[in-house]
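**Student:** task: produce atomic coordinates for the following.
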Amino acid sequence: MKYRFTFSCEEGDPAFRRVFEADADATFLDLHNAILKSVGYPDDQMTSFFMCNDEWEKGQEVTLVEMESGPEYDNMVMNETRLSDLIDEVGQRLIYIFDPMFERYFFGSLKDIKPGSMNGVECVESKGKAPKQLKSEDPFAGIGGGKGDDDFMLDDEFKDEYDLGDLDMEGFQDLSFDDGTMF
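**Tutor:** Have a look, this model is predicted:
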């Protein structure tokens, strides 16, 4: 069987859309690679697929690498999971997380199932410009004072509330991370 998927995104170019044809026996890794190629993103993020219901609520996750192990976890890994293992009816929804830090994703839907076969996954339609893969905001912005070594991780509120002279430094002088004994 051949699947036809459409992916879109709520941010950026409203015309953004990618359509893929895939063999039902292709893996989620094949789909992942085709998506990255179609939008020009490097393969350097911990991306995931999630199967979704009609309200886009996340269900089964398919990860790029195995995250947990043990009998209590139902791990599905992209290179071991065929599309047909989780997708078998027109209208099935899934999301592809391309920016895991800010949980940004493409919305996908299975639009058609046709008889036949093909090799892997192919982008057959590409419209609009994809959003940048990673947001430019620094997730750690504003944590430290940033003015010098003495201000590291100490914001003005902390300095106003506590007198640094009151901190008991005894016992901390001998700590060294150079010898590797801490880890």
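**Student:** hey, which helix or strand in the protein has the poorest pLDDT?
**Tutor:** Taking mean pLDDT, DSSP states H and E as the measure, the chain has helix 156-161 as its least confident helix or strand, at a mean of 56.
**Student:** neighbouring strands for the top strand by length along the chain, and are they parallel or not?
**Tutor:** Ordering each strand of the chain by length in residues (DSSP state E) puts strand 104-114 first. When pairing is defined by DSSP bridges, strand 104-114 lines up against strand 2-8 (antiparallel), strand 93-99 (antiparallel).
**Student:** can you map out the strands along this structure?
**Tutor:** All strands of the chain, identified by DSSP E, fall at 2-8, 17-23, 48-52, 58-63, 93-99, 104-114, 121-127.
**Student:** average pLDDT for the first one?
**Tutor:** Spelled out, that is strand 2-8. The pLDDT scores in strand 2-8 average 98.
**Student:** contacts for that strand?
**Tutor:** 16-24, 31, 35, 83, 87, 96, 106-118, 124 (Cβ atoms under 8 Å, 6 or more residues apart in numbering). To be clear about C-beta, it is placed using only N, CA and C from the backbone, and glycine gets the same treatment.
**Student:** check which residues of it are buried.
**Tutor:** 3, 4, 5, 6, 7, 8 (16 or more other Cβ atoms under 10 Å).
**Student:** now, which of those residues sits nearest residue 44?
**Tutor:** Comparing the buried residues of strand 2-8 against residue 44 with Cβ to Cβ places residue 7 closest, at 19.8 Å.
**Student:** gap between that closest one and residue 74?
**Tutor:** Note on residue 7: its distance to residue 74, by Cβ to Cβ, to the nearest Å, is 25 Å.
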